[in-house]
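A.B. asks: What would the 3D arrangement of this be:
(chains A and B)
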Protein chains: 2
Amino acid sequence: MKAFFTVLAIVWLPNLLGAQDKKGIEVLDDQKAIDELFRLSLTESSVYPWLGDMCLNIGPRLSGSKQAEEAVEYSFDLMQELGVNPQKQPVMVPHWVRGEKEMAFIKSSGGTKLEVNVLALGGSIATAEDGFMAPIIEVETWEDLAALGEEKIKGKIVFFNEEMNPENIYTFHSYGHCVQHRWGGAVEAAKYGAVGAIVRSLNLRIDEFPHTGSMSYENAVDTIPAAAISTRDAEIVSDLLAKGEKVELFWKQSCQTLPDVPSHNVIGEIKGSKYPDQIILLGGHLDSWDVGHGAHDDGAGVMQSLAVLELLKKSGYQPKRTIRVVFFMNEENGLRGAKEYAEQSKKQGLNHVACIESDRGGFTPRGFHVEGNEKLVQKIISFKPALEKYGVHQLEEGGSGADIGPLKTDDNVLIGFVPDSQRYFDYHHSPTDTFDAVNKRELELGTASITALVYLIDKYGLK
Amino acid sequence: MKAFFTVLAIVWLPNLLGAQDKKGIEVLDDQKAIDELFRLSLTESSVYPWLGDMCLNIGPRLSGSKQAEEAVEYSFDLMQELGVNPQKQPVMVPHWVRGEKEMAFIKSSGGTKLEVNVLALGGSIATAEDGFMAPIIEVETWEDLAALGEEKIKGKIVFFNEEMNPENIYTFHSYGHCVQHRWGGAVEAAKYGAVGAIVRSLNLRIDEFPHTGSMSYENAVDTIPAAAISTRDAEIVSDLLAKGEKVELFWKQSCQTLPDVPSHNVIGEIKGSKYPDQIILLGGHLDSWDVGHGAHDDGAGVMQSLAVLELLKKSGYQPKRTIRVVFFMNEENGLRGAKEYAEQSKKQGLNHVACIESDRGGFTPRGFHVEGNEKLVQKIISFKPALEKYGVHQLEEGGSGADIGPLKTDDNVLIGFVPDSQRYFDYHHSPTDTFDAVNKRELELGTASITALVYLIDKYGLK
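C.D. replies: The predicted structure is shown next:
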């Protein structure tokens, strides 16, 4: 693989030095130090070419795939070049494969015949080998499903058509509400004898792209195939049903779950000069869904996390605490990497004083959501005045990230990086999540924002 | 033309009413009222379909073009449907036409022969009819130009290659610095005997799209053709020159300036119930460059301004002051509409207490820049706590907008709407400024932010 980033070098900023025995941004006051971190990120960061290399030369990286292992090697090599002492942490991961491209069309009693775009949900079983056809019945809520009951549902495909609520300014709140149907729709529909579950894509705009994501089965319930349908096609189906037409769906998908395979988390770090046992962890997930490039979700997050270490090195800052980056494997359909990392950390007695996850896209930074020990939460929020100048205003209590969740203790703090959320669900889990949907400057500003927070936590501590 | 917006209706929100004699958001406290404005904008605004209609059915709208006049009619019709008493204000505008698509390639002494993407600057003369070829000489600053002098410049094409500074977080600051070469490069180069001026596109990313914009000639100086070259091609030319190669440019463009033609500003308003003579003006410019759709620049701004009136009507708010929207004609290459509007306003003795321009793209709102009477500026900034919840944090002193500039008095305040600036120059004045580059929610949030500020100004006044 041809990497298009240039060789990294530690920049000592000699012209900024006021004292002979101190280096880099350590001699600057906080505002000037953070100015310098933003300047470096906007002019010298490798985050964009790193992400570009991974997206364009490897592509999407579903757990268990050849590309996921290529991404592990690529990440290890990047960390080695950066000199952050990389290690691969073994973990067994699920291995679900999509097989052939899905095929689907609708036929209505009024004479409409139309191809529709569906994408199997991760973990779903296949349809019959040659596909099948069944009537569609639409619901919006679990209550709708229960009200229809077995009599009306048996033998049909249940179409979960809850729209993401456009009223929430922070779009993740709308996602959090709707995702239950994607996750549990097949189980609940099967309880009433449904033969398949189709879920409206979790996308706030109307377009032709289906958005996948993980789903589940339960042991005691029949397994039925599940897929997402594009919002445009969801609207078409719903309109036909609203007119009183009968709508049938022909649907063929050939996905399957193979035995678990070995994979890895990839870990790198800069050892702390004063408190090496106190770890400030930065991370995202290396795996992605198998469509698009996994650019925003979560190539952006892992490369930003690593670019924080690059930026600290370039700035000449010597962290007192250990700054560790973890590229977690298998966030999307199992969280195995996160669980394994947490388990091994416990065995080793590691002390993660703060963990920061970037897994909400590579968009313009808006703030951080903080959870954990209340005193530490308030300490993080107290850094707000130092960050507002850079457009980072929203330091608030809130959820952090799936991968760092298992690292929560009574004494630490978990932080989710919060970029602007308006466009995220245009790309999330869909073929549109490609490198060209990432803006270089937005990605770099995110990197700088996280680095600035790490700098403040390391400099002032959290006690 | 088929409009895809639906018929508008005033929503009285009967279920929110606490008093029989009051209506809509007037009965709510400020936070609830602004919540309601955002909710309405994200669920019922016509701003996105209005903009889509104009971009996709009319397209770009350079002053003097047939499309500009179609846009005047379209805007008038929209205002009529909305019931805001539209009027067309006549104004004579420049009529510059691009003619055939530009053609250009480079030939270097090292054997490189390559087509490059150039776009005539607005106001430029044509090249010789069959094009011409001349050596390229690169400069970054006016000082470079003076240092080279007539001996080295005569007979050559001067290539102004100043990069936009990536270090500014607010990208307009970088634009403000570089734009001098686009505006004045042909004049300064001609003083030394240059036969043409090529300017690096004002774009922070490296891509193949040239970005046009206005330029000027001076009476006593020879007129030479001027064009923008894409950032990718600017880098290629600069690299060849840095290697010591001689680079010649073949260049053909057939643009010309025709006699001025009549056009119009389009004005609509809701009369104030208590202080009808106090005008709060909202505006943007209806004209655009002749490439792309003029979607962000400034279709977004005019449609947001009109959508503020729609939103006020939908909310049931009865403004005490007159809320006037102006779609200015010819901001891009003459500012004739703005000057005419200001002149007529002076004649009529109109009192514009506050003017708000939206002309920085349809991106996620970040704040407002405010200038004018110091007391009023501070009053506007004092509204900040009411807007932060919606991500609108940056109420600061700063420049407002080109179209409202002529309306400045000692007693009023001019306000520029500030959306996120990171992506603006990816699209500005280029073929990429198309409707699909506008995110519906970002556009709607901008509309809501402006409406909220208008609501606060109208409710509390500015004294």
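A.B. asks: In the stretch 301-450 of chain A, what residue comes closest to chain B?
C.D. replies: For the stretch 301-450 of chain A, the residue positioned closest to chain B under C-beta to the nearest C-beta is residue A:393, at a distance of 4.3 Å. All C-beta atoms are positioned from the backbone trio N, CA, C, and that covers glycine.
A.B. asks: contact partners of stretch A:141-151?
C.D. replies: Counting contacts by C-beta atoms under 8 Å, 6 or more residues apart in numbering or on different chains, the residues outside stretch A:141-151 that touch it are A:137, A:139, A:153, A:158, A:162, A:180, A:188, A:189, A:192, A:193.
A.B. asks: Mind checking which of those land in strands?
C.D. replies: Here DSSP state E is the test, and these give A:137, A:139, A:158 as lying in strands.
A.B. asks: any idea which of these is the one closest to residue B:331?
C.D. replies: Of all those, the one sitting nearest residue B:331 is residue A:139; the distance, using C-beta to C-beta, is 50.6 Å.
A.B. asks: So the closest one is in contact with residue A:156, correct?
C.D. replies: No. With contact taken as C-beta atoms under 8 Å, residue A:139 and residue A:156 are classed as non-touching, separated by 10.6 Å.
A.B. asks: And the closest residue to the residue of the stretch 301-450 of chain A closest to chain B other than its chain neighbours, how close does it get to residue B:399?
C.D. replies: In space, and not counting its chain neighbours, residue A:393 is closest to residue B:393: 4.3 Å by C-beta to C-beta, 6 or more residues apart in numbering or on different chains. Taking C-beta to C-beta, to the nearest Å as the criterion, residue B:393 is separated from residue B:399 by 18 Å.
A.B. asks: So for those two, which residue has more residues nearby?
C.D. replies: Under the neighbour definition other C-beta atoms under 10 Å in any protein chain shown, residue B:393 and residue B:399 were set side by side, and residue B:393 has more, 20 against 14.
A.B. asks: got a list of what that one touches?
C.D. replies: Contacts were defined as C-beta under 8 Å, 6+ apart; by that measure residue B:393 touches A:388, A:391, A:393, B:366, B:367, B:384, B:387.
A.B. asks: what's the answer for residue A:353, then?
C.D. replies: A:278, A:279, A:280, A:321, A:411, A:412, A:413, A:457, A:462.
A.B. asks: Compare those residues and tell me which is most surrounded.
C.D. replies: For those, counting by other C-beta under 10 Å, the largest number of neighbours falls to residue A:280: 28 neighbours.
A.B. asks: Which elements pack onto whichever strand or helix holds that residue?
C.D. replies: In this assignment (DSSP states H and E), residue A:280 forms part of strand A:275-285. Under the contact criterion of 3 or more C-beta pairs under 8 Å, 6 or more residues apart in numbering or on different chains; DSSP states H and E, strand A:275-285 touches helix A:300-315, strand A:321-328, strand A:351-357, helix A:440-460.
A.B. asks: I figured residue A:448 was touching residue A:44, is that so?
C.D. replies: No. With contact defined as C-beta under 8 Å, residue A:448 and residue A:44 do not form a contacting pair (11.1 Å).
A.B. asks: okay, these two: which has more neighbours?
C.D. replies: residue A:448 (29 against 17).
A.B. asks: Give the burial count for the spatially closest residue to the more buried one that is not a sequence neighbour, as a bare number.
C.D. replies: Take residue A:448 and drop its neighbours on the chain: the residue closest to it by C-beta to C-beta, 6+ apart is residue A:41, 3.7 Å away. Look at residue A:41: counted by other C-beta under 10 Å, it has 30 neighbours.
A.B. asks: Is residue A:41 in a helix, a strand, or coil?
C.D. replies: helix (DSSP: H, G, I helix; E, B strand; the rest coil).
A.B. asks: now for the host helix or strand of residue A:186, which elements pack on it?
C.D. replies: Using DSSP H and E, residue A:186 falls within helix A:171-191. The criterion is 3+ C-beta pairs under 8 Å, 6+ apart, and the helices and strands that helix A:171-191 contacts are helix A:142-153, strand A:157-160, strand A:196-200, strand A:226-229, helix A:424-427.
A.B. asks: Which of the ones you listed has the highest mean neighbour count?
C.D. replies: By mean neighbour count, with neighbours taken as mean count of other C-beta atoms under 10 Å in any protein chain shown, strand A:226-229 ranks first of these at a mean of 30.
A.B. asks: Would you pull up how far it lies from the middle of the chain?
C.D. replies: Distance of strand A:226-229 from its chain centroid, counting by C-alpha atoms, centre = their mean, to the nearest Å, is 20 Å.
A.B. asks: Need the CA coordinates for it. CSV is fine.
C.D. replies: In CSV, the C-alpha atoms belonging to strand A:226-229 read as follows (Å, rounded to 0.1, in the frame of the first residue of the first chain):
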residue,chain,number,x,y,z
ALA,A,226,-34.5,-8.5,8.5
ALA,A,227,-33.4,-5.6,6.3
ALA,A,228,-33.5,-1.8,6.1
ILE,A,229,-35.3,0.0,3.3
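A.B. asks: Of all the residues in the helix or strand following that strand, which ones are buried?
C.D. replies: Sequence-wise, the next helix or strand beyond strand A:226-229 is helix A:231-242, with elements assigned using DSSP H and E. Of all the residues in helix A:231-242, those buried under the rule 16 or more other C-beta atoms under 10 Å in any protein chain shown are A:231, A:232, A:233, A:234, A:236, A:237, A:238, A:240, A:241.
A.B. asks: try stretch A:55-74
C.D. replies: A:55, A:58-65, A:67-72, A:74.
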